[in-house]
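Participant: need a 3D model of the following:
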Amino acid sequence: MTNTMVGGTQTITAGNLRNTGVHTLPAGNVRSTGVRTLPAARTRSRRASRNMILTMVALMAAVFVLVGLSAYAASIQHANNVLTQENAYLQAEIDSLNSQIVEQTKVTRVEEVATKEYGMVYPTSDNCIVINENEESSTSLAASIRSEAYN
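Facilitator: Below you'll find the model as predicted:
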């Protein structure tokens, strides 16, 4: 077995190999620093393939994030559409109630309810008391109403 030693010693005793921090390398691939090197083309090829793999992983992660964000945006848009429809329904209901309020508070409707449901009638001249500001009277308004009611 032919090994090349680079700086250091190696001791072999009864089947045990004791290494003093020195690496054994096949002959012909040893630099002056004692480090095994790969050919430059092989190193560039490995570095390029590693960069390619990292780029692909980054692109796949970016696509995954974009798809996730698109799905989230679609769900938010759906919720927005549902709320818009509910708002339109509620606005139509509010408009309907407002028109009912206007219809029920018209003077003609109030007069109709007062006369038909509550038995109210318009006053006649017999039911009216005329108060004349120019006329001086010794009796008060309450006294004149009382006298009209009991006569």
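
Participant: lowest-pLDDT helix or strand in this structure?
Facilitator: The weakest-scoring helix or strand in the chain, judged by mean pLDDT, DSSP states H and E, is strand 4-5 (a mean of 48).

Participant: send the alpha carbons of the helix or strand hosting residue 148 over as CSV?
Facilitator: For residue 148, the element it lies in under DSSP states H and E is helix 141-150. Extracted C-alpha coordinates of helix 141-150, given in CSV (Å, rounded to 0.1, in the frame of the first residue of the first chain):
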residue,chain,number,x,y,z
LEU,A,141,-111.5,82.2,30.4
ALA,A,142,-111.9,79.3,32.8
ALA,A,143,-115.1,80.9,34.2
SER,A,144,-116.6,81.5,30.7
ILE,A,145,-115.9,77.8,29.7
ARG,A,146,-117.4,76.6,32.9
SER,A,147,-120.6,78.7,32.4
GLU,A,148,-120.9,77.5,28.7
ALA,A,149,-120.5,73.9,29.8
TYR,A,150,-123.2,74.0,32.5
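
Participant: do a quick rundown of the helices in this protein.
Facilitator: 40-104, 107-116, 141-150 (DSSP state H).

Participant: can you list these in a markdown table and add mean pLDDT and distance to residue 131?
Facilitator: Bear in mind the C-beta positions are built from the backbone N, C-alpha and C, glycine included. Output for these, formatted as a markdown table (pLDDT from 0 to 100; distance: least, C-beta to C-beta, whole Å):
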| stretch | mean pLDDT | distance to residue 131 |
| --- | --- | --- |
| helix 40-104 | 94 | 34 |
| helix 107-116 | 90 | 25 |
| helix 141-150 | 76 | 7 |
